[in-house]
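Student: got a predicted structure plus its sequence, pasted below:
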Amino acid sequence: MSEFDYKKQIHNESGFSIVELLIVLTIITVMTTISFLYFVTTKEKYKPDDQSLKLIDVMQEARQRSLTQRETMRVEIDLTDNVVRLIDENTSSTASDDTKLKEFSLLDDEDVRVDERPSQINDNPPEEFPVPSAYFRQSIYPNSLAHDVCTIRFLSSGKVVDQGTNEVGENAVASGLTLHIWAPKKSDNTEAEIARAITIIGATGSIRLWEYDASLSTSNKWKDTRRTSLFGGQSTGGNNNSNSNSNSNTN
């Protein structure tokens, strides 16, 4: 082998040049940045879904416990503490033995709101028995006294009732509700970027998760997601083809 051929072979086996390494590193950096931005955007988009499924989980657990343990289970959506609680009321005649079974934090309302319906949405989901938007008021229960709370009580009979008139829930009435879960727009926090809703039928305890789809041609643009949560999530009990007005009476 000549000296020229020997040097040429060494050059061919010397590996990548600095320029080639820089090009590869640049490509890796660009791809990593794009992937990160996509991940962050996707995560923001799914926050209302994550919160909705957590809420359905705790409601389904409350419903199942009330039926199997034959005791009233109370779900408190507490906007003052920004948490959701599952409480076993145990003895119906006293509030001193109420037991907190579970608690989790809600997302910041800058990311996801649950306090009211978005301003650009005129209807609640089209349940067979129309249910009004969830009502938040001062709690009368010791652990959340005077907090701004939506109280949902699941009875052993299968019914869902409101908080009643005192700390043991006397004079409670069957009360369905529509809980709106939505991501506010950055430009206007009264309008939703993404909207979901949970409906609960007071007479049966039926729970359903809905998705708002602005592209639908129908006047009511809510559609049943048919997705299930950890505890089942999709109890039936509504006619998807019937429209409802958000100002309808509590069922």
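Tutor: Received, thanks. Quantities reported herein were computed from a predicted structural model and do not represent experimental measurements.
Student: residue 34 - how many residues pack around it?
Tutor: Residue 34: 10 surrounding residues under other C-beta atoms under 10 Å. The C-beta positions use only the backbone N, C-alpha and C, and glycine is treated the same way.
Student: what about it, which helix or strand?
Tutor: helix 18-45 (DSSP states H and E).
Student: and the next helix or strand past that helix?
Tutor: helix 47-69.
Student: tell me what angle whatever helix or strand comes next after that next one forms with helix 47-69.
Tutor: As assigned by DSSP H and E, the chain's next helix or strand after helix 47-69 is strand 73-78. Angle, strand 73-78 to helix 47-69, by axes from the mean of the first three to the mean of the last three C-alpha atoms, to 10 degrees: 150 degrees.
Student: and the next helix-or-strand element following strand 73-78, how far from the chain's centre?
Tutor: Moving toward the C-terminus from strand 73-78, the next helix or strand (DSSP H and E) is strand 83-88. Computed by C-alpha atoms, centre = their mean, to the nearest Å, the chain-centroid distance of strand 83-88 equals 15 Å.
Student: adjacent strands (with direction) for the helix or strand following strand 83-88?
Tutor: Downstream of strand 83-88, the first helix or strand assigned by DSSP H and E is strand 99-105. If you go by DSSP bridges, strand 99-105 pairs up with strand 83-88 (antiparallel).
Student: would you mark the buried spots in the strand it pairs with?
Tutor: 84-88 (16 or more other C-beta atoms under 10 Å).
Student: now swap in stretch 145-162 and tell me
Tutor: So for stretch 145-162, counting by 16+ other C-beta under 10 Å, buried means 147, 149-155, 159-162.
Student: could you dump these to TSV with pLDDT and secondary structure?
Tutor: Shown next, in TSV, are the buried residues of stretch 145-162 (pLDDT from 0 to 100; DSSP: H, G, I helix; E, B strand; the rest coil):
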residue	pLDDT	secondary structure
147	98	coil
149	98	strand
150	97	strand
151	97	strand
152	97	strand
153	98	strand
154	98	strand
155	97	coil
159	96	coil
160	97	strand
161	97	strand
162	95	coil
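Student: and these, which two are the farthest apart?
Tutor: 147 and 159 (24.4 Å; C-beta to C-beta).
Student: now do the contacts for residue 191.
Tutor: 118-120, 184-185 (C-beta atoms under 8 Å, 6 or more residues apart in numbering).
Student: mind redoing it with 6 Å?
Tutor: Counting by C-beta atoms under 6 Å, 6 or more residues apart in numbering, residue 191 touches 118-120, 185.
Student: the residues you listed: which two are farthest apart?
Tutor: 119 and 185 (10.1 Å).
Student: if we can go back for a sec, among the contacts of residue 191, name the buried ones.
Tutor: residue 118.
Student: run a quick neighbour tally on residue 108.
Tutor: 10.
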